[in-house]
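Q: Take this sequence and fold it.
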Amino acid sequence: MTTETLSFRHRFAPGEAALSPLLLLHGTGGDEDDLLPLGRAVAPGAALLSPRGQVSENGAPRFFRRLAEGVFDEDDLRRRTDGLADFVGEARERYGLAAPLALGFSNGANIAAATLLQRPETLAGTVLIRPMVPFAVPPFPALAGKPVLMLSGIMDPIVPVENARRLAEQLTAAGAAVTHRILPAGHGLSQAEIGLVAAWLRDTARPAAA
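A: Coordinates of the predicted model:
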């Protein structure tokens, strides 16, 4: 495990070259260590790249600013999305990585979805846990079958299910291969979902060479 800066403070754990690396994107208040145990649990042996969000909301790290809960500063989101995509390019060169699969929770899932829409070449696919629509008027890239797993909670007090469904529809319209599971859960990640993510990665994620 190494701690590096590049354009983002981050952790990097090397892995097997035959496995797709994971880009771990934490939720509000998390940091570069937050999702490492989850990454190890769902993708044993894969390289892990875990940056810390560069926005502070009352001391809580985030990947982009929001104006209120569920209301994004879209100008900032676009800038931060480009910054994250550029960081992934830096990290791929530094560590010799293939395009990663992003695994994001909440705020991290939202910037992962934004990256897939705005800079699709950055990611091989995404696992989006409790995401919502990032852009009021989304770009429509050619996602060409990129795999996407979305996990939403029917009792989520932050992300209405219809919002998550709209994101699934946008990604599907852009050509992504979307699996959207709506679960009897709130905003938090359940143990059962860890198993769902691990199974999806085994079945869907293709080995990739750098």
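
Q: got the contact list for Leu48?
A: Counting by C-beta atoms under 8 Å, 6 or more residues apart in numbering, Leu48 makes contact with Arg11, Phe12, Ala13, Gly15, Pro21, Leu22, Leu24, Leu36, Gly39, Arg40. To be clear about C-beta, it is placed using only N, CA and C from the backbone, and glycine gets the same treatment.

Q: and the residue sitting furthest away from the middle of the chain, how far is that from Asp156?
A: Farthest-out residue of the chain from its mean C-alpha position, per C-alpha atoms, centre = their mean: Asn58, at 22.7 Å. As for Asn58, its distance to Asp156 is 22 Å (criterion: C-beta to C-beta, to the nearest Å).

Q: again with Gly15
A: As judged by C-beta to C-beta, Gly15 and Asp156 stand 31 Å apart.

Q: thinking again about what came up before, format the contacts of Leu48 as TSV; extra columns: pLDDT and distance to Glu162.
A: Formatted as TSV, the contacts of Leu48 follow (pLDDT from 0 to 100; distance: C-beta to C-beta, whole Å):
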residue	pLDDT	distance to Glu162
Arg11	96	36
Phe12	97	38
Ala13	96	37
Gly15	94	37
Pro21	96	33
Leu22	97	29
Leu24	98	28
Leu36	98	33
Gly39	97	30
Arg40	97	34
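
Q: now, which of the residues you listed lie within strands?
A: Applying DSSP state E to the contacts of Leu48, the entries found in strands are Arg11, Phe12, Ala13, Leu22, Leu24.

Q: Out of those residues, the closest to Arg52 would be?
A: Within the ones in strands among the contacts of Leu48, the smallest distance to Arg52 is 8.7 Å, found for Arg11 (C-beta to C-beta).

Q: wait, doesn't that closest one sit right on Glu32?
A: Yes: counting by C-beta atoms under 8 Å, Glu32 is a contact partner of Arg11 at 4.7 Å.

Q: picking that back up, among the ones in strands among the contacts of Leu48, which one is most surrounded by other residues?
A: With neighbours set by other C-beta atoms under 10 Å, the maximum within these is found at Leu24, which has 29 neighbours.

Q: So what's the predicted local confidence for Pro207?
A: As predicted, Pro207 sits at a pLDDT of 50.
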